[in-house]
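S.K.: sequence-free structure coming up:
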């Protein structure tokens with residue numbers, strides 16, 4: 001008897017339906033074809049043991065299983081439940097009537113219980129798109145899949161529940177979640193708040209500008225000045241995620257297996273802070289089975305690189321192209337996969353190896369030329385892609401002990417959201433541009449026009465600081481954001497002056 005069941009393969013952040021054709025006929029042996037990897041092949045032992053636990057039998061006949069299309073490699077153990085139900089239906093041990101109506105995925109334990117799987121959200125989206133009635137999957141993944149409406153989500157604890165449900169011997173109520181209510185109830189619930197930060201008003205201002213225009217920032221200052229504390233609070237002043245952004249971000253985390261059990265829609269902007277020992281593949285994505293890296297996990301959020309010069313140079317250099325294109329392309333012999341990577345880069349570094357160059361109180365003990373060599377670990381092309389260079393000075397005792405509460409994240413976010421609304425209106429005719437930082441060079445010339453006094457100031461700054469053409473564009477973009485925060489239609493000379501001062505590392509003689 002020939003039976004078809006349906007599973008799914010995830011490539012990048014998209015899923016593709018896999019048809020599992022099971023034929024049980026006279027003869028012997030078990031054949032699994034269709035480009036399965038070792039994890040899929042090893043499923044035979046898991047399936048046989050799981051069926052025995054509930055008094056079902058592996059057929060002692062010729063069992064041929066074809067996973068179509070055969071040119072897509074099938075990877076992982078999530079096909080166990082798909083294959084098992086196909087075998088039972090083809091061998092007459094359960095009714096085949098409902099099997100083809102559902103997407104079925106799950107990894108089997110030897111005792112028949114189901115383990116959670118990766119990539120549930122893109123699989124559920126594809127199942128709805130292709131008209132499946134529902135999705136049968138491990139109960140631990142059910143909340144994640146229930147984000148997708150108009151699809152019956154049947155969470156099961158073990159293979160017995162799945163069989164009895166498909167046999168109409170057990171009723172399981174589909175899990176239903178009101179996605180919008182869930183999203184709104186947990187949106188913008190950040191543990192960290194700018195109200196906790198005393199002093200550092202100039203750095204808060206720089207981060208507000210960065211959030212308003214989607215700009216990248218590097219903070220340079222001595223240990224203990226609050227660089228990490230400030231970076232952790234940046235997501236709390238970014239505009240709230242939209243439903244589409246939340247779904248896109250959740251898909252990436254689902255594919256990477258980072259959502260955890262009983263997780264659902266991500267409602268806060270991601271904040272990723274990888275250690276400086278990270279490899280280039282772990283940062284940008286890749287591997288034998290291409291997986292999203294940290295820059296994709298930070299999509300629609302913040303990527304924080306602490307102690308930037310301590311990262312391997314090759315790791316930082318591979319990030320240059322994704323910073324420009326806001327996506328990363330991973331090419332393999334058989335396939336090319338795109339992962340989105342539209343993130344804000346926040347980096348921090350000490351000004352020198354000892355950490356106290358330019359410190360107002362402590363003396364730097366680094367020898368001649370050491371400071372410059374330390375700064376040279378970060379390449380010029382990468383620094384050019386960072387819009388704001390900000391010096392962080394230590395907080396004074398009076399600022400630390402002040403009783404006045406600092407401005408909270410909600411107040412700052414309101415100004416950021418207002419500025420983003422102006423940008424949304426400005427770029428409403430462009431699908432791929434949503435903030436000032438995303439403007440291409442030609443658009444910068446059209447939108448960021450300055451008067452004669454502004455051009456004179458820019459010319460002086462370019463000559464004295466030795467700025468590159470890319471840095472010139474960055475200054476104009478930042479000044480446009482500052483003007484948006486001031487609700488000004490024109491870029492005034494004070495907006496340009498403030499933008500120029502955020503190029504600390506371009507100043508001649510900054511590092512001796």
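M.R.: Sure, I can see it. Values in this document were obtained by computation on a predicted structure and should not be read as measured data. Numbers count the residues shown, from 1 in each chain.

S.K.: buried residues, the host helix or strand of residue 8. List them.
M.R.: Assigned by DSSP states H and E, residue 8 belongs to strand 2-11. Neighbour-count burial for strand 2-11 flags 3-11 (criterion: 16 or more other C-beta atoms under 10 Å). To be clear about C-beta, it is placed using only N, CA and C from the backbone, and glycine gets the same treatment.

S.K.: cool, stretch 53-68 as well?
M.R.: Result for stretch 53-68 [16+ other C-beta under 10 Å]: buried residues 53, 56, 58-59, 63-68.

S.K.: stretch 139-150 now?
M.R.: 139-148.

S.K.: ok, stretch 336-349 next?
M.R.: In stretch 336-349, counting by 16+ other C-beta under 10 Å, buried: 337, 339-349.

S.K.: got it, and stretch 28-38?
M.R.: Buried positions in stretch 28-38, judged by neighbour count with 16+ other C-beta under 10 Å: 30, 32, 34, 36.

S.K.: of all pairs in the residues you listed, which one is the farthest apart?
M.R.: The largest separation in those, counting by C-beta to C-beta, is between 30 and 34 at 13.8 Å.

S.K.: what sits in contact with each of these two?
M.R.: Applying C-beta atoms under 8 Å, 6 or more residues apart in numbering, one finds that residue 30 and residue 34 are jointly contacted by residue 65.

S.K.: can you give me the strands in the stretch 201-350 of the chain?
M.R.: Under the criterion DSSP state E, counting those that start in this stretch, the stretch 201-350 of the chain contains strands at 217-220, 271-272, 285-286, 291-292, 302-305, 327-331, 336-340, 344-349.

S.K.: okay if I get the buried residues of stretch 28-38 as JSON lines plus secondary structure, distance to residue 169 and pLDDT?
M.R.: Output for the buried residues of stretch 28-38, formatted as JSON lines (DSSP: H, G, I helix; E, B strand; the rest coil; distance: C-beta to C-beta, whole Å; pLDDT from 0 to 100):
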{"residue": "30", "secondary structure": "strand", "distance to residue 169": "27", "pLDDT": "93"}
{"residue": "32", "secondary structure": "strand", "distance to residue 169": "29", "pLDDT": "95"}
{"residue": "34", "secondary structure": "coil", "distance to residue 169": "31", "pLDDT": "94"}
{"residue": "36", "secondary structure": "strand", "distance to residue 169": "31", "pLDDT": "94"}
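
S.K.: which one of these is nearest residue 505?
M.R.: Closest to residue 505, out of all of the buried residues of stretch 28-38 and judged by C-beta to C-beta, is residue 36, at 52.2 Å.

S.K.: residue 298 against residue 346, yeah?
M.R.: No. Counting by C-beta atoms under 8 Å, residue 298 does not reach residue 346; the two are 10.0 Å apart.

S.K.: what touches both of those two?
M.R.: With C-beta under 8 Å, 6+ apart, residue 298 and residue 346 have no common neighbours.

S.K.: any weak-confidence spans in the stretch 151-300 of the chain?
M.R.: 185, 261-262 (pLDDT under 70).

S.K.: where in the stretch 401-512 of the chain is pLDDT low?
M.R.: Where the stretch 401-512 of the chain drops to pLDDT under 70, the residues are 506-512.

S.K.: which parts of the stretch 1-150 of the chain are helices?
M.R.: 38-41, 43-53, 80-90, 120-129, 142-145 (DSSP state H, counting those that start in this stretch).

S.K.: got CSV for the ones you listed, with mean pLDDT and distance to residue 155 too?
M.R.: As requested, the helices of the stretch 1-150 of the chain are exported to CSV (pLDDT from 0 to 100; distance: least, C-beta to C-beta, whole Å):
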stretch, mean pLDDT, distance to residue 155
helix 38-41, 94, 23
helix 43-53, 95, 17
helix 80-90, 96, 12
helix 120-129, 96, 11
helix 142-145, 92, 3
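
S.K.: got those as JSON lines, with distance to residue 153 columns?
M.R.: Formatted as JSON lines, those follow (distance: least, C-beta to C-beta, whole Å):
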{"stretch": "helix 38-41", "distance to residue 153": "24"}
{"stretch": "helix 43-53", "distance to residue 153": "22"}
{"stretch": "helix 80-90", "distance to residue 153": "15"}
{"stretch": "helix 120-129", "distance to residue 153": "7"}
{"stretch": "helix 142-145", "distance to residue 153": "5"}
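
S.K.: those: which one's closest to residue 248?
M.R.: Between residue 248 and the helices of the stretch 1-150 of the chain, the shortest gap by C-beta to C-beta is with helix 120-129, which sits at 10.1 Å.

S.K.: can you show me the helices along the stretch 201-350 of the chain?
M.R.: Counting by DSSP H, counting those that start in this stretch, the helices of the stretch 201-350 of the chain are 201-213, 227-232, 243-255, 280-284, 294-297, 313-317, 320-325.

S.K.: so for the fourth one, what gets flagged as buried?
M.R.: Yep, that's helix 280-284 we're talking about. 280, 282-284.

S.K.: how about the third one?
M.R.: Residues of helix 243-255 classed as buried: 245-255 (neighbour count, 16+ other C-beta under 10 Å).

S.K.: distance from the chain centre to that helix, please.
M.R.: In terms of C-alpha atoms, centre = their mean, to the nearest Å, the centre of helix 243-255 is set 8 Å apart from its chain centre.

S.K.: hmm, who's touching it?
M.R.: Around helix 243-255, the neighbours that count as contacts under C-beta under 8 Å, 6+ apart are 10, 12-13, 118-122, 125, 144, 147, 179-180, 183, 241, 259, 265-267, 269-270, 291-292, 296-297, 299-301, 339-340.

S.K.: now which of these would you call buried?
M.R.: 10, 12-13, 118-122, 125, 144, 147, 179, 183, 241, 259, 265-267, 269-270, 291-292, 296-297, 299-301, 339-340.

S.K.: coming back round to it: which single one of the buried residues of helix 243-255 is nearest to residue 109?
M.R.: So of the buried residues of helix 243-255, ranked by how close each gets to residue 109 (C-beta to C-beta), first place is residue 254, at 21.6 Å.

S.K.: skipping adjacent residues, who's closest to that closest one in space?
M.R.: Among residues not flanking residue 254 along the chain, residue 121 sits closest, at 4.2 Å (C-beta to C-beta, 6 or more residues apart in numbering).

S.K.: so what's the one you found up against?
M.R.: By C-beta under 8 Å, 6+ apart, the neighbours of residue 121 are 144-145, 147-148, 247, 250-251, 254.

S.K.: before we move on, back to that, could the buried residues of helix 243-255 be laid out in CSV, adding distance to residue 365?
M.R.: Formatted as CSV, these follow (distance: C-beta to C-beta, whole Å):
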residue, distance to residue 365
245, 47
246, 49
247, 52
248, 48
249, 44
250, 48
251, 49
252, 44
253, 44
254, 49
255, 47
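
S.K.: I'd like to know how many residues surround residue 175.
M.R.: Residue neighbour count, defined by other C-beta atoms under 10 Å, stands at 14 for residue 175.

S.K.: ok, now residue 96?
M.R.: Per other C-beta under 10 Å, the neighbour tally for residue 96 reads 20.

S.K.: what about it, distance to residue 458?
M.R.: Plainly put, residue 96 is 73 Å away from residue 458 if you go by C-beta to C-beta, to the nearest Å.

S.K.: and of the buried residues of stretch 139-150, the nearest to residue 440?
M.R.: Using C-beta to C-beta, those come closest to residue 440 at residue 147, 33.9 Å.

S.K.: surely the closest one meets residue 177?
M.R.: Yes. Using C-beta under 8 Å, residue 147 and residue 177 qualify as a contacting pair, with a distance of 6.5 Å.
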